[in-house]
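In: just the structure for this:
(2 chains)
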Amino acid sequence: MSMHWHAPTPPATTSIDLRIEAAPLLAPWNEFLVRPAAVAVHRWGQDACPAEAAEHACPVRVVSIPIQRPAVRVSSFTFPEAKMPAVPEAERREPSAQPHPIGPPLSHTRIKPPGDIIKLADRLHYVLQPSLESLLAEGSLSFPFRPFPFQFEGVAFLYPRQAAVLADEMGLGKTMQAITAIRFLLHRHEVRSVLLVCPKPLVTNWQREFGVWAPEVPLMVIEGDQAKRTWQWSLADVPLRIANYELLLRDRKLLTGPAPGGDGDESAPGVHFDLVVLDESQRIKNRFSSTNEVVRSISRKRNWALTGTPVENSADDLLGIFEFLAPGFLSAEMKPRSLGRTIRDYVLRRTKDEVLRDLPPKLLHDEALELTAEQRESYRLAEEEGVVHLTELGAAATIRHVFELVLRLKQICNFDPPTGASTKFERLEANLEEIADSGRKAIVFSQWVVTLQRLAEQLDRFGPLEYHGRVPQHRRDGIIEHFRQDPSKHVLLMSYGAGGVGLNHQFVNYVFLFDRWWNPAVEDQAINRAHRIGVDGPVTVMRYLMLDTIEERIDRILQEKRDLFDIIFSGAEGRRKLGLTQEELFGLFRLKCPSEPIDVAA
Amino acid sequence: MSNMDAKLKPALGFLTVVEHPQYGLFGGYLVLNIAGRPLEFHCTAPIKPNRAQEILYGPTLPSFLYGEQIGQTLIQQATTVPLLVCTDQEPALAAREYSSMPVVLVLPPNGETGGAGETVEPQAAGDRSQVVRVDAAHHGPRLVTFALGRNRLALPEPAKEDRGLVTARLAELADSFDLAEPFQRIRAAIEEAQQAVR
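Out: Numbering: from 1, shown residues only, chains lettered A, B, ... in the order given. Just a heads-up that it's a prediction; the model follows:
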């Protein structure tokens, strides 16, 4: 459209010469006044202009200023729902009966597209969706308890991602978040077959959690003999399967070979999943392990990893997990800070301090204790003998020799072998007296079953229960329930390996680390079994540390590992070199390190 | 519902304009079904009025840009005909002149002005502290505000007859439908589109 501006027609002018006569004065300039004075009166107006005057007017130049309306460029996106029939009247919800999807939920969690989605239309697909809470309500997905806003954020993080690590600190509900994300994908028909892999002791826990958070999702636990498992893997239309890591190794051929019950096509993948979720994914941190290899070989479209400890020992742990999630995405040459930046869009890590400000506090007490005289003597002898032995071995000394010595010394820190004297036990006993008197419960962690058994004998009056590798799997759930229900049972004796992951003990207010594990992540897991959502009061954590012993030296190394974690997940500047090096291990005994490569302790 | 209403898709249109200091105005139009799911999204390339437009349109420039240039174009681009169009930008109400559907202004939920049936003076778009003219001749029409469910809405006085239509068409949704929420989505989408272009 254009508009032209035209100057208005010039007004006509009428001039009247009054020709007033002026009387000349007798002055030298009279001659200049011969022209009579004249006064002209101009009257402006359309009708006042004689035609001839208009004819003599100067032509007026017209300037046109275009006011164009340029075409507006529009980008358009149409969504699949536009092609679907309108929502039938019968299916519309009564607003008063249930909140409308766009209604005012307590939080509006937006689903943000992950960075690896490039196409604008695909990104808008997520950006323009209603809040996650609205979508869940729309699908009539109810919850037994109202999730925390940060848990909705976790679901919104997982949902659009092909590869993701949910690395929340223990106790923040990774299980619930993963279940809700899986449930959501299943309801929206974005996935049809999901495989969840977890450590064997946690299978029951996952089953129970699905029953609570997604009771309508049919699931199948892969178990039984070979024939049964073959049949289970071959079934179509099973939305969710749960399997343990050990079983995957046994069923490797079924998973990766020709489809079970298929037509024998050797090239066809065995079983395909739309989503594979690995719980406690630190199990595949070693990228050269059989477990890592077998999970990587499973045919899948999406993959998520759940872990509270994505880095246990070194940055290499993350490489193992990412070899499953996005092969080749990370390289071993990456520095921790660069690694942290690279994985930022793939990893969601929150701590309780960040998101659960109302959670009762976790009170850490490091109790530095002196060895008894008997322990000190045994310790001195063992250390001297061990160091002498290592020195004699010289270049032949291996990391195994060092570990043997470390373990022996740590055991003396627990109990003096010949006399049974133990400062730690004395402290524990005193602490448990107080706990039992107040009707509270405690968990005691140790890395040795023999230590736990010894404690069980000596703590009989506190009603100890044992939960460790020598307790048959089928009895373990019953033990936890017994401990929870029986008020006379005040102490649960657990090994780090059996009790550190996947169990919830919100009814426990005291955690004792009778001896220290090799890495802080495992210790944190153990502590967080009790300090988690639902805990009914502060959780006190007592860490026993024997002064001037190997425990004190190991504690310094554990602190370095915590530093490594901070660098990768918080972008903080590292203070010292990372991990447990061979030099450091030998350095525990002031020995020179041989050149043999080591396999760092788990 | 009238016969005409029965033909309309049970959808709502949401129109907004985002002003970028460098690039100008971006228009966005989102059509949602009654479940709040997106059906269509249309957005404009940035529009910047030239000097001549600024001078000659004067205070009517925002309604020309928001309502005619952006609003009209976007609404016509959509294939889905919604029950009504909501906007959170007062000048975009001018799109009503080019649309067969009511165009209603969604007011902030806790705003201080307006109550049921109350009229308020319109505000100039853009820098609202800048007074361009003191004579009221070029201001937009007065607004008639009213509450519908949990939403506070307004219509220009000349279009106040639309109120009955708006009330009827939002009758089932007004209590639970937060009409202000979809504008956040449009802004986020425009932001995404800008980033994609850069």
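
In: every contact and neighbour count from this point should use C-alpha atoms.
Out: OK.

In: contacts for the longest helix along chain B, please.
Out: Identified as the longest helix of chain B according to DSSP state H is helix B:181-197. Residues outside helix B:181-197 that contact it (Cα atoms under 8 Å, 6 or more residues apart in numbering or on different chains): A:102, A:120, A:123-124, A:127-130, B:14-16, B:18, B:26, B:28-30, B:43, B:88.

In: in stretch B:17-31, what counts as buried?
Out: Neighbour-count burial for stretch B:17-31, counted by 16 or more other Cα atoms under 10 Å in any protein chain shown, picks out B:17-18, B:25-31.

In: pLDDT on that stretch, on average?
Out: For stretch B:17-31, the mean per-residue pLDDT is 94.

In: quick one: that stretch to chain centroid distance?
Out: 12 Å (Cα atoms, centre = their mean, to the nearest Å).

In: try stretch A:411-428
Out: 40 Å.

In: buried sites along that stretch?
Out: A:411-417, A:421-425, A:428.

In: pLDDT wise, what is A:A48 at?
Out: Note for A:A48: predicted pLDDT of 49.

In: oh, that last question was meant for A:P258, not what I typed.
Out: 65.

In: and if you look at A:K301?
Out: Here the pLDDT value assigned to A:K301 is 95.

In: now swap in A:V63 and tell me
Out: At A:V63, the model reports a pLDDT of 80.

In: so what's the residue in the stretch 351-500 of chain A positioned nearest to chain B up against?
Out: Going by Cα to the nearest Cα, chain B is nearest to A:V355 of the stretch 351-500 of chain A, at 24.5 Å. Counting by Cα under 8 Å, 6+ apart, A:V355 touches A:F150.

In: from A:L371, how far out is it?
Out: Separation of A:V355 from A:L371 (Cα to Cα, to the nearest Å): 40 Å.

In: ok, which stretches of the stretch 201-350 of chain A are helices?
Out: A:203-213, A:226-234, A:245-250, A:252-256, A:290-296, A:316-325, A:336-342 (DSSP state H, counting those that start in this stretch).

In: relative to chain B, which of those helices is closest?
Out: The nearest among these, by Cα to the nearest Cα, is helix A:336-342 at 20.2 Å.

In: quick one: average pLDDT of that closest one?
Out: Here helix A:336-342 scores 88 as its mean pLDDT.

In: rank the helices and strands of chain B by mean pLDDT and give me the bottom one.
Out: helix B:3-7 (a mean of 49; mean pLDDT, DSSP states H and E).

In: B:Y29: what's it in contact with?
Out: B:13-16, B:41-43, B:74-75, B:186.

In: correct me if wrong, but it is in a strand.
Out: Yes. When DSSP: H, G, I helix; E, B strand; the rest coil is applied, B:Y29 is found to be in a strand.

In: which non-adjacent residue is nearest it?
Out: B:L15 (4.5 Å; Cα to Cα, 6 or more residues apart in numbering or on different chains).

In: how about that neighbour, secondary structure?
Out: B:L15 ends up strand, using three-state DSSP.

In: quick one: it and B:G28 touch, right?
Out: Yes. Taking contacts as Cα atoms under 8 Å, B:L15 lies within contact range of B:G28: 5.8 Å.

In: ok, now how distant is B:L12 from B:R150?
Out: From B:L12 over to B:R150 the distance is 16 Å, taken as Cα to Cα.

In: ok, these two, which is more surrounded?
Out: B:L12 (24 against 16; other Cα atoms under 10 Å in any protein chain shown).

In: so that one is in which element?
Out: Assigned by DSSP states H and E, B:L12 belongs to strand B:11-20.

In: just the mean pLDDT for stretch A:151-171, thanks.
Out: 92.

In: restricting to C-alpha, output that stretch in CSV.
Out: What follows is stretch A:151-171, C-alpha atoms only, in CSV (Å, rounded to 0.1, in the frame of the first residue of the first chain):
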residue,chain,number,x,y,z
GLN,A,151,11.8,-33.7,41.0
PHE,A,152,9.6,-32.3,38.3
GLU,A,153,12.7,-30.6,36.9
GLY,A,154,14.5,-34.0,36.9
VAL,A,155,11.7,-35.5,34.9
ALA,A,156,11.6,-32.6,32.5
PHE,A,157,15.4,-33.1,32.1
LEU,A,158,15.1,-36.8,31.3
TYR,A,159,12.0,-36.8,29.2
PRO,A,160,13.4,-35.1,26.0
ARG,A,161,16.9,-36.6,26.2
GLN,A,162,18.3,-39.4,24.1
ALA,A,163,21.3,-39.6,26.4
ALA,A,164,21.2,-38.4,30.0
VAL,A,165,22.8,-38.9,33.4
LEU,A,166,20.7,-38.2,36.4
ALA,A,167,23.3,-37.8,39.1
ASP,A,168,21.4,-36.4,42.0
GLU,A,169,22.8,-36.9,45.4
MET,A,170,21.5,-40.0,47.2
GLY,A,171,18.1,-39.4,48.8
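
In: can you tell if that stretch touches chain B?
Out: No. In terms of Cα under 8 Å from any Cα of the partner chain, no part of stretch A:151-171 sits within range of chain B; the closest distance is 15.4 Å.

In: can you give me the buried ones in that stretch?
Out: So, applying 16+ other Cα under 10 Å, buried residues of stretch A:151-171: A:151-171.

In: what does stretch A:336-349 give?
Out: So for stretch A:336-349, counting by 16+ other Cα under 10 Å, buried means A:336-337, A:339-340, A:343-349.

In: for chain B, which spans come out with low pLDDT?
Out: Within chain B, the ranges that satisfy pLDDT under 70 run B:1-9, B:110-140, B:198.

In: apply 80 and report the result again.
Out: B:1-9, B:109-141, B:172-176, B:196-198 (pLDDT under 80).

In: what parts of it come near chain A?
Out: Residues of chain B lying near chain A (Cα under 8 Å from any Cα): B:9-10, B:33-45, B:47, B:52-53, B:69-70, B:73-74, B:80, B:172-173, B:175-178, B:181-182, B:185-186, B:188-189, B:192-193, B:196.

In: so which of these sit within strands?
Out: Using DSSP state E, the members of the residues of chain B next to chain A that fall within strands are B:33, B:38-44.

In: which parts of the stretch 401-550 of chain A are strands?
Out: A:442-446, A:465-467, A:491-495, A:510-513, A:539-546 (DSSP state E, counting those that start in this stretch).
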